[in-house]
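**Student:** pasting the structure only:
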């Protein structure tokens, strides 16, 4: 989910506050359909919420969801450290 550089950049931008697609297009230089597709994926993952504001839709990062993902990644990093030398034998 966060391995895509543009998706990560969108998350970084939304950490500074809600933004609409036009802001994200301007800030990233990406095309509107590309931004919209990434926002759809981020909404589907529960990291971003869409909020109508007048004739625009603003997207807001959900800090609790980001903290949950960060915790899961930290646990995986610890497991990787612990098991770095634990190769499984081939059958």
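**Tutor:** Arrived safely. The structure presented is a predicted model; accordingly, all values stated were derived computationally and were not measured. Numbering: from 1, shown residues only.

**Student:** and the longest helix for the protein?
**Tutor:** helix 63-82 (DSSP state H).

**Student:** how about that helix: buried residues?
**Tutor:** residue 66 (16 or more other Cβ atoms under 10 Å). Just so you know, the C-beta spots here come from the backbone N, C-alpha and C atoms, and that holds for glycine as well.

**Student:** same deal with stretch 17-27?
**Tutor:** 18-21, 23-25.

**Student:** ok, and what's touching it?
**Tutor:** Residues outside stretch 17-27 that contact it (Cβ atoms under 8 Å, 6 or more residues apart in numbering): 10, 13, 30-32, 35-36, 39, 51, 53, 56-60.

**Student:** all strands of the protein, in order?
**Tutor:** 19-20, 48-53, 56-61 (DSSP state E).

**Student:** buried deepest among those, which one?
**Tutor:** strand 19-20 (a mean of 20; mean count of other Cβ atoms under 10 Å).

**Student:** that one pairs with which strands, parallel or anti?
**Tutor:** strand 56-61 (antiparallel) (DSSP bridges).

**Student:** chain center to the partner strand, what's the gap?
**Tutor:** Averaged C-alpha coordinates place strand 56-61 at 14 Å from its chain's average position (Cα atoms, centre = their mean, to the nearest Å).

**Student:** appreciated, that's everything.
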